[in-house]
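1. how would this look folded up:
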Amino acid sequence: MSLFKKIFSKEKKESLDKGLEKSKTSFFSKLSKAVAGKTKVDDGVLDNLEEILISSDVGVNTTLKIIERIEERVAKDKYLGTDELNKILREEIAALLAETNVGNETDFVIPTDKKPYIIMVVGVNGVGKTTTIGKLAAQFTKNGKKVVLGAADTFRAAAIDQLQVWADRVGVPIVRQEMGSDPASVAFDTLKSAVSQNADVVIIDTAGRLHNKVNLMNELTKIKRVMQKVVVDAPHEVLLVLDGSTGQNAFEQAKQFTKATEVTSLAVTKLDGTAKGGVVIGISDQFQIPVKYIGVGEKIDDLQVFNKIEFVDSFFN
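-> Below you'll find the predicted structure:
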């Protein structure tokens, strides 16, 4: 069976292709200039490729890894042609992603041995955190799961109201309090409600301010501790949402949040409006945290489960 065998539905695949269009066009126009007039992969081509990968927001460390892998192949085959560069790049990036993203899920699944399965969502304001929660709730509901939302970002009234809009739209219950309430208290009430309703999934929104890492750390630790009074091993997942269109800034946010709390999965949003899609490759590699979801458009179905095979296929086809 081919590594790049199609496994997404036609509609999902088209959405992914379209979402990565800007990144792909930018990358390959740079690559074609880098190899113009060259037939062999030499030091000059590799230097240009290094520059292209860094300027595509793959990140310096990940870029050096990719270049190193290609150098090893060039050393084995002295006459590696530039026409093969596309194929080699594709294989090496797929291999790199495979090291962190072990699964190849094509649908929104949750472990069956945790009920309710509790997801705590973190990320700075403006990255698409609340929208991601709403879209996740819609997908889980579509799969027949009973979902409860918790509006524990009590720092901003807009965050509570926005989550309420999504809850109404998707048709799921939401637990909320007034702005300025204790976020841990909201999380506690949400879990109590979810357990009593025999819910399958709980998604807790949290405040996204990063100006004081100590406060952020304390708040997230307190929310976890209070949730564990209701469900001993809560949360089962800490999902960090990052805005892919911010490129290197997304790396910085990932760095700050992974210092403040244990992050177990990532969602990279807004990839459709940017040429910085390479950020998915770099973040996945540098933080060794699996990218679980990517946002490739406005529609509910444009939040997709990240599948490394389909991602590389869309990027390189």
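
2. Thr25: neighbour count?
-> Counted with other C-beta atoms under 10 Å, residues neighbouring Thr25 total 11. Using the backbone N, CA and C atoms, a C-beta is placed for each residue, glycine as well.

3. Ok, the one 3 residues further on next?
-> Other residues near Phe28 number 14, with proximity taken as other C-beta under 10 Å.

4. pLDDT at the residue nearest in space to the middle of the chain, what is it?
-> Centroid-nearest residue in the chain, with C-alpha atoms, centre = their mean: Ala267, separated by 2.2 Å. Here the pLDDT value assigned to Ala267 is 96.

5. And Asp313, by the same measure?
-> 89.

6. what packs against the strand or helix carrying it?
-> In this assignment (DSSP states H and E), Asp313 forms part of helix 308-316. For helix 308-316, the packing partners by 3 or more C-beta pairs under 8 Å, 6 or more residues apart in numbering; DSSP states H and E come out as helix 10-19, helix 21-34, helix 85-100.

7. Kindly list the main-chain dihedrals of Ile174?
-> With angles defined as degrees, to the nearest 10, Ile174 sits at phi -130, psi 140.

8. My understanding was that it contacts Val147; is that so?
-> No - with contact defined as C-beta atoms under 8 Å, Ile174 does not count as touching Val147 (9.8 Å).

9. higher neighbour count, the two?
-> Each of Ile174 and Val147 has its neighbours counted (other C-beta under 10 Å); Val147 has more, 27 against 22.

10. Surely Lys114 is in contact with Pro235?
-> No - counting by C-beta under 8 Å, Lys114 does not reach Pro235; the two are 10.0 Å apart.

11. out of those two, which sits in the busier spot?
-> Pro235 (24 against 15).

12. Let's verify the residue nearest to the centre of the chain: helix, strand, or coil?
-> strand (DSSP: H, G, I helix; E, B strand; the rest coil).

13. how far away is it from Asp302?
-> Per C-beta to C-beta, to the nearest Å, Ala267 is found 12 Å from Asp302.

14. Between these two, which contacts overlap?
-> Gly295 (C-beta atoms under 8 Å, 6 or more residues apart in numbering).

15. For Val279, find the nearest of the helices and strands packed on helix 308-316.
-> Between Val279 and these, the tightest spacing by C-beta to C-beta is seen for helix 21-34, at 8.9 Å.

16. Which residues in the helix or strand just after that closest one does the neighbour count mark as buried?
-> Moving toward the C-terminus from helix 21-34, the next helix or strand (DSSP H and E) is helix 43-55. Using 16 or more other C-beta atoms under 10 Å as the test for burial, helix 43-55 gives 45-46, 48-50, 52-55.

17. who does helix 43-55 touch, helix- and strand-wise?
-> helix 21-34, helix 60-76, helix 85-100.

18. okay if I get the ones you listed as CSV plus distance to Leu191?
-> Compiled in CSV, the helices and strands packed on helix 43-55 are given as follows (distance: least, C-beta to C-beta, whole Å):
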stretch, distance to Leu191
helix 21-34, 39
helix 60-76, 38
helix 85-100, 30
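
19. To Asn198, which of the ones you listed lies closest?
-> helix 85-100 (34.1 Å).

20. now the angle from that closest one to helix 60-76?
-> Helix 85-100 and helix 60-76 are oriented at 130 degrees to each other (axes from the mean of the first three to the mean of the last three C-alpha atoms, to 10 degrees).

21. Is it possible to get a markdown table of the helices and strands packed on helix 308-316 that adds distance to Ala184 and mean pLDDT?
-> Converted to a markdown table, those look like this (distance: least, C-beta to C-beta, whole Å; pLDDT from 0 to 100):
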| stretch | distance to Ala184 | mean pLDDT |
| --- | --- | --- |
| helix 10-19 | 36 | 86 |
| helix 21-34 | 39 | 88 |
| helix 85-100 | 31 | 88 |
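
22. Where do the helices of the stretch 151-300 of the chain begin and end?
-> Along the stretch 151-300 of the chain, counting by DSSP state H, counting those that start in this stretch, helices occupy 157-170, 183-196, 213-227, 248-260, 279-287.

23. got the CA positions of the third one in CSV?
-> Looking back up the chat, that one is helix 213-227. These are the backbone C-alpha positions of helix 213-227, laid out as CSV (Å, rounded to 0.1, in the frame of the first residue of the first chain):
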residue,chain,number,x,y,z
LYS,A,213,3.1,33.6,32.9
VAL,A,214,3.1,33.0,36.7
ASN,A,215,-0.6,34.1,37.0
LEU,A,216,-1.4,32.0,33.9
MET,A,217,0.4,29.0,35.4
ASN,A,218,-1.4,29.4,38.8
GLU,A,219,-4.8,29.8,37.2
LEU,A,220,-4.5,26.7,34.9
THR,A,221,-3.1,24.6,37.8
LYS,A,222,-6.0,25.7,40.0
ILE,A,223,-8.5,24.8,37.3
LYS,A,224,-7.0,21.3,36.9
ARG,A,225,-6.9,20.8,40.7
VAL,A,226,-10.5,21.7,41.1
MET,A,227,-11.7,19.6,38.2
